[in-house]
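# Pasting a predicted model and its sequence here:
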Amino acid sequence: MKALHLQPLVGFGNIKLGMTRTEVLLMLGPCSTSFKNSPASLYPTDAWLNNGLRVFYSGTVPRVEYIELSRGAGFEVELWGHPVFSTKASLLIEFIELHSSLDREDPELGYSYTFPSIELSLWRPIVDSPDGQFFSTIGIGVHGYYSGVN
């Protein structure tokens, strides 16, 4: 299984936060789908790899604002050399807390885990089942995405 290396505040592989949509499309090729994440979205969200990689844009010129990767799309995500989707959620949280503080005020805590200083989030749709032991998505944003600090 291919591993995608995610680096908070930077990007993954050759895809960097802050790149233009045009640059991303040149790197990854045509996306498999493009959709408006919400009615208020200025730009479509682009998706590749069976919708397992989603890139969100913002700005006057569409630039990468947020990157989200999903479990079950045929790849593993590595964060600082550590597998994300095959590590139990509790252990992954402990590992990330070695690098950043968890936002313990998150109203969706249990499902959503945010680490504002590194603009990183983890999410799972269920908690109390065997599948809920692992996260479903990991995402990283530009400076200020979660922290509100630019």
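Structure's in. What do you need?

# contacts for the helix or strand bottoming out on mean pLDDT in the chain?
None of the helices or strands of the chain scores lower by mean pLDDT, DSSP states H and E than strand 2-7, at a mean of 86. Outside strand 2-7, the residues within contact range by CB atoms under 8 Å, 6 or more residues apart in numbering are 12-13, 53, 67, 69, 74-79, 83-84, 138, 140. From N, CA and C alone the C-beta is placed, and that goes for glycine too.

# any idea how far it is from the chain center?
In terms of CA atoms, centre = their mean, to the nearest Å, the gap separating the centre of strand 2-7 from the centre of its chain is 11 Å.

# Ok, stretch 74-90 next?
12 Å.

# Okay, and residue 96 sits in which element?
helix 89-97 (DSSP states H and E).

# Could I get the full set of strands for this structure?
Under the criterion DSSP state E, strands of the chain are mapped to 2-7, 11-12, 15-16, 33-35, 45-48, 53-58, 63-70, 75-79, 82-83, 112-115, 120-123, 137-141.

# averaging pLDDT over each of these, which comes out lowest?
The minimum mean pLDDT among these belongs to strand 2-7 (a mean of 86).

# Tell me what angle it forms with strand 137-141.
Counting by axes from the mean of the first three to the mean of the last three CA atoms, to 10 degrees, strand 2-7 lies at 40 degrees to strand 137-141.

# What are the buried residues along strand 2-7?
For strand 2-7, burial by neighbour count (16 or more other CB atoms under 10 Å) applies to 4, 6.
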